[in-house]
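> Need a 3D model of the following:
(chains A and B)
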Amino acid sequence: MNVRKAVITAAGRRQRGIPLQRVIDRDGVEKSVLRALLDEVLTGPIEELGLVVAPHDETAFLELAGEHLSRVRIIVQAESRGYGHAIACAKDFTAGEPFFHCVSDHLFVSGLPPGGLTQLLVQLAVNESCVVSAVQATPERLLTDFGAVGGQRISGRDGLYRVQAVLEKPTPTEAEQQLVVPGLRAGHYLCFFGMHVLTPLVMEWLASGEFANLSEALAKVAQRETYLATELPARRYDLGLRYGLMNAQLAVALAGPDREDVLARLVELLAVPQPVRRP
Amino acid sequence: MTVLEEILTSSDPQVRDCALESFAASATPAMLLEEAGALEALRHRHDNLYVRVRALFFLYAIHRFYLPAKASVPQRALIPGAGVEHLLNRRFEEAIQVFLREPTSAPVSSALGMAYQREAFQTLADQVRRSVKSVRGNQWMFRCGHPLDYPLRLRPELLDHAEGGFPVLHESTPVRMDLTHSGWSDIFFLGMDFPEGARVLNVSIDLAVKGVARPPVEAFLRVIDQPVLRLTSIDLGATADLTSLRELFNFGEDYLGLLKAAVIAGGLVPPGLEGADQPLEALLAKLTGNPGYGLEIASQVNDIPKGSRLAVSTNLLASLIAVVMRATAQTRSLTGTLAEDDRRLVAARAILGEWLGGSGGGWQDSGGVWPGMKLIEGQIAQAGDIEYGISRGCLLPRHKLIELSPDTRAKLEASLVLVHGGMAQDVGPVLEMVTEKYLLRSEKEWQARQAAIGVIDEVLAALRAGDIPALGAATERNFFGPLQQIIPWATNAYTERVIARTRAEFGADFWGFWMLGGMAGGGMGFMFAPEVKARAMVRLGEILSEAKRELEAAVPFAMEPVVYNFAINEYGTRCELLRGQEALMPPGYYNLLAPALLRLDPRTLSPGRRAELERLSDASRQPGPFGQLPRVLFETLVPRSAGTVVRDALPALLEQYGFDRQQHELIRQEMRQGRIGLAQNRLPSTATLSDVDPEEIADAGRDLTPAHTKLGEEALRAGAMAVVTLAGGLGTRWTKGAGVVKALNPFAKIAGRHRDFVEVHLAKSRRVNQQIGIALPHVFTTSYLTHPGMEQARHAYEGPLFLSAGRSIGLRMVPTERDLRFAWEESRQQQLDERQQKIRASVRTALIGWAKGLGEAADYTDNLPLQCLHPVGHWYEIANLLLNGTLAQLLVERPKLQYLLVYNIDTLGAAVDPSLLGWHIASGAALTTEVIPRFIEDRGGGLAKVNGRARLVEGLALPQEELEFELSFYNSLTTWVSIPDLLRAFGLPAADLAYPERVHTAVRRLAARMPTYLTLKDVKKRWGKGQEDIYPVAQWEKLWGDMTALPELDSRFIVVPRPRGQQLKEPAQLDGWLRDGSAAYVESLGVWAG
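Coordinates of the predicted model:
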């Protein structure tokens, strides 16, 4: 199995503006979210990237690609028909090859050099020759924002799980019945990290229109073939949540050389007396 | 390893299922004590829950039934008060340790028995709760401790109000009937220990009292444009807008407890949020995604009365939980039926809801969630189950749907008549008895259980063959055989009378009887040949009503009997989403809420409400369910003048029974001023109170001689004796304030049939008559409540039989807050289980509000007239003998009459005993009161030395409550009375009995010297369809035992054996009374008529 293509989806109604936001990265460089993602995905084994966008967004996105421009191919999702369909729009681009996929409304923070996370996930998929999703243990109150998997820890392999069930934005009730994974903290579930390596079969299923979202297709994968999930040495931050961008920016800043400066500003903010709210 | 340890720990079922009685009946006290020591150690060291619990039950039985019965075990001892205190505070382990330090004696064993039994049930209940909490899908709700952790969101479909109003989610759910009667094997404790024996055949049914059967319970949910949680119980006529979590977790303050439990168990407001101090608004905003939005949930039970034994409340809870879970995407489907794993989760949540609401049902009760007919069986816990290693069975059973052929289904529907007999009893004690007997593996009951398990296969075979006569025969055989062997109290005189009359009328066309649920008298089934079913439905209704009329003075009925139309429901719980013009709540909802809305200025209504009223207006112009609405609304908006039955009837009754208005006003004034009250009942704290030395009083076992017997027999032959049974009381504890005549309650089968208390007492006098060759006069004192029924009952007796009618009456009053608080906060009382205690606390807060609202010490008139009156204590029942001329008549008919034996209606072992009479005569005493060694259950004062003089002290007069357990002897209230001395105390020469005025004066004079006690009694108020509320009301009384405090009366006391002196105060005591030999003892005392 060889993974040399990637697909990033950025066409969702709620998310299409997020990749255009600007953040200051771990090294103190100001860049767009999209650029940060491209730096991560295109620094490793990935040669070519398909970026799925909404109509009329092509130019704005291409302008941000910078040095990666030549390796980025814009794919337009003509109609807003959901996440699964957005990936399926890249069917011609992936051309029957397995591919790396990540979402564009997350920011990934790790101690690895750019491309490190992509490299880890792709390497695992290549070694195991199967679909692999990156996951992150997430408290149950956030379940309604993510897809989540349940399964068994693979003994002797740190942070690696054999996936048995996948649910999109489950309630804690469903999660507790189907997604409990031994060894996690109480009330925590393995939710999608926002990075996957998917096979042509998954692309076929998505393109068939049988599944409304990726989670449903992955649930079928879990029933049919080996499907692994792995915890990467990183944290993902969903920029689409309330205060998501601020939270992500803080997390990035606190992981880099500006940490003390940011902390000092936070303390300053905390020390400012709050005006009394009048009814 | 001891014999009992072997039984408890053996892996061989033959050994494990051995009954305790096989060993204990013949064991010596030393052997029993050795076993008790071994079991005590075993239960502390063993890690299996059921070994521990069974050890507790064995210990309970040893101490309750076997040790006290052994002749060599001391019968007299003080029960340590510290242990009693622990018991009251539910610190059972500590109580056990205190009692174990005491030397062996029957009273201490009684205390140990109670402590072991309570600890056993607490352990079981805790385990069920732990299991309910640990069910996957429930755990998160206990972790969610802050609204910020709240993870649920409403399904978007419910927020779509494009068509004018928010859609209404409507769940309709059948109820369940148990076609086999499971031998109560659906009790969690049984299913979790003996899953192989837990099997029921459970059918989901639609019902109607009139017309076409439909799902009996419904739940409705919708978004509203106000940030509140609006809960409405349509059938109970209650609604509330909740704005805080505190209100939601307060279950007892209104009739919305079940809805609140459903909201919590459904996860809408998870139980982990109890105690969080956030407004509900924030949580609703998170749930709906819109600040300013709220949620409305309503429930409706369609004409099915309470106590139907069809698990109406559990299925309503399940229906509400299902609608909540659908709305919050916790189930897969928003509408239609539920998937199997969703049904299981709803069932588990319903168990949780019942626990939250302080009630408890069986595991089959939410069967209405499933469709049609299903076999529900216990599941053996496997590795991976949360119960594995703790109990043999899982909490939740397995449901296996059974395909019933259309032919069989039609046959069953064509034969079966379902009824509600009108009785609504508390089945809680029955379920405890079943558990206890199962865990003890009592031989007879264990065999009966095996037989009941066999019945299910018979029923299944009959169904497969479409053989309904065989089905009827099997369920009836089950009722009269195994079920009554396990629990004799499952049947009652009413049910058996109805069955006998139905059989007499329909003969071979009546194919069989079938008991639904915990006990007979409420929901019941009768199977008939199809060709007579229509006639049977009519006649059965009449037979039930007739039997009810005959027995209603003696048996508490909650409602008129009803005959249902029913149909098997093939869907289980189902849901639909009503949108657009159809997005309305049911008509009953608007009957309840629309009048208030219509009175408001339309400009103050929210846009949503205005749109809704417009849709309602449109709907009411169409033929259909809303067509009747304008008429109903008009009647509600302009109510007719209220009925005046109560107000008219009450003064007449007061007049009839000699109500003393002047005295009543005086008592009211003193109550308000705090001069009369519960705190004032007590003797002054300066009184010195001590136990009576056993040597100071006589002991029937020690002091009676043949000479006494001879003397007594001579007096009996001479006609010097009459018996007076006090039957004027209300038997509040027996009927929980239902206002029926306890004396006439056919409470147990004795000598082949159900007998009431009067029959038992007459049977004992009959034996004396036959033994001595006399005709003993027997007087029953009555009161306004008991007299008419007693008069009609016409019991057979071969001797002079008198009814001594009451001549005094009181009018109940609304209690003062001070007295309510004294009773609930300052008096010692049994703490309840955690949830029930919380509910009790909120009910009490509501009742204090009720009392203050009606006015403290105001007349209590908000009930049936007879429920507003009260008898004024048994002291007056003796005085009435003088006032109404009964004593005078007796003396005329029996000039040599010298002595009365006075005893209470519930002292079943009391009887004329020549030797005791002889002792009384020889002593020359005016009064000889029989006392018994105090056991743990004997509450309410006793024999004490007060300022050096031995006398009876009422429990409510003790200066400190804890003194009770420093008194060795309990007052049986059985008193031998010398008539001349009694008359002297009244200051009344016998000749003056013929002069009513002199008698009145004498009674008034002595009454003034008797203390007046203020008491709080429970009174039931019935309303709706079988609903009952219980209110505490204040009344006053003077008590017979205080006669022993009169210095001019020579009062003596004699210790008698416990079976002679113990009283039967509540139905829950019946089983112990039967099992400890007391019933056999009473049967041996009588010569039984017919």
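> Now do the contacts for B:K133.
B:139, B:142, B:352 (Cβ atoms under 8 Å, 6 or more residues apart in numbering or on different chains). Just so you know, the C-beta spots here come from the backbone N, C-alpha and C atoms, and that holds for glycine as well.
> So what's the residue count around the second one?
Right, B:F142. 16 (other Cβ atoms under 10 Å in any protein chain shown).
> residue contacts, the closest residue to it other than its chain neighbours?
Counting by Cβ to Cβ, 6 or more residues apart in numbering or on different chains, the nearest residue to B:F142 once its immediate chain neighbours are dropped is B:G272, at 4.8 Å. Residues near B:G272 by Cβ under 8 Å, 6+ apart: B:141-145.
> Look at B:G272 and tell me its secondary structure.
helix (DSSP: H, G, I helix; E, B strand; the rest coil).
> so how far is B:L317 from it?
In this view, B:G272 and B:L317 are 19 Å apart by Cβ to Cβ, to the nearest Å.
> What parts of the stretch 1-150 of chain A come near chain B?
Where the stretch 1-150 of chain A comes near chain B, counting by Cβ under 8 Å from any Cβ of the partner chain, the residues are A:139-144.
> Touching, A:E128 and A:Y227? I think so.
No - applying Cβ atoms under 8 Å as the test, A:E128 and A:Y227 come out as separate, 9.7 Å apart.
> which one of these two has more residues nearby?
Shown here are A:E128 and A:Y227; by other Cβ under 10 Å, A:Y227 has more neighbours (25 against 18).
> Which strand residues bridge the more buried one?
A:V131 (DSSP bridges).
> Let me see the confidence value for B:A558.
Looking at B:A558, its pLDDT is 81.
> repeat for the one 5 residues further on
Per-residue confidence for B:V563 comes out at a pLDDT of 93.
> what's the spacing between it and chain A?
Per Cβ to the nearest Cβ, to the nearest Å, B:V563 is found 41 Å from chain A.
> these two touch, right, that residue and B:I543?
No - counting by Cβ under 8 Å, B:V563 does not reach B:I543; the two are 10.2 Å apart.
> between the two, who's got more neighbours?
B:I543 (23 against 20).
> how many other residues sit next to the residue lying closest to that one once chain neighbours are set aside?
Spatial nearest neighbour of B:I543, excluding adjacent residues (Cβ to Cβ, 6+ apart): B:R501 at 5.0 Å. Residues lying near B:R501 (other Cβ under 10 Å) number 17.
> give me every residue that touches B:R501.
Taking Cβ under 8 Å, 6+ apart, we find B:R501 in contact with B:543, B:546-547.
> Now name the helix or strand holding B:G1072.
helix B:1070-1075 (DSSP states H and E).
> typo on my end, it should be A:V109
Using DSSP H and E, the element containing A:V109 is strand A:106-110.
> what comes into contact with that strand?
Here strand A:106-110 has contacts from A:23, A:26, A:33, A:36, A:40, A:116-117, A:193-195, A:232-239, A:248, A:251-252, A:255, using Cβ under 8 Å, 6+ apart.
> mind listing what's buried in it?
Buried residues in strand A:106-110, counted by 16 or more other Cβ atoms under 10 Å in any protein chain shown: A:106-110.
> Give me the next element, helix or strand, following that strand.
Assigned by DSSP H and E, the successor of strand A:106-110 is helix A:116-128.
> now that following helix and strand A:106-110, what's the angle there?
90 degrees (axes from the mean of the first three to the mean of the last three Cα atoms, to 10 degrees).
> now helix A:116-128: mean pLDDT?
So the average pLDDT for helix A:116-128 ends up being 96.
> Could you point out which residue ranges in the stretch 301-450 of chain B have low pLDDT?
B:306-307, B:358-360 (pLDDT under 70).
> which parts of the helix or strand where B:A1080 lies are buried?
For B:A1080, the element it lies in under DSSP H and E is helix B:1078-1085. Buried positions in helix B:1078-1085, judged by neighbour count with 16+ other Cβ under 10 Å: B:1078-1079, B:1081-1083, B:1085.
> Mind putting those into a markdown table with pLDDT and distance to chain A?
Formatted as a markdown table, those follow (pLDDT from 0 to 100; distance: Cβ to the nearest Cβ, whole Å):
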| residue | pLDDT | distance to chain A |
| --- | --- | --- |
| B:S1078 | 92 | 51 |
| B:A1079 | 93 | 51 |
| B:Y1081 | 94 | 56 |
| B:V1082 | 95 | 55 |
| B:E1083 | 95 | 56 |
| B:L1085 | 95 | 61 |
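> now B:P561, nearest residue through space, not along the chain?
Here the residue nearest B:P561, using Cβ to Cβ, 6+ apart, is B:L544, at 3.6 Å.
> What of B:W734?
B:K742 is the one closest to B:W734 (Cβ to Cβ, 6+ apart), at 4.7 Å.
> do the same with B:I304
B:P216 (4.7 Å).
> residues in contact with that neighbour?
B:173-175, B:206-207, B:301-304, B:310, B:312, B:315 are the contacts of B:P216 under Cβ under 8 Å, 6+ apart.
> quick one, phi psi at residue 133?
Picking chain A for this. Phi and psi for A:S133, reported as degrees, to the nearest 10, are phi -120, psi 140.
> should've been chain B
Per degrees, to the nearest 10, the backbone of B:K133 is at phi -70, psi -30.
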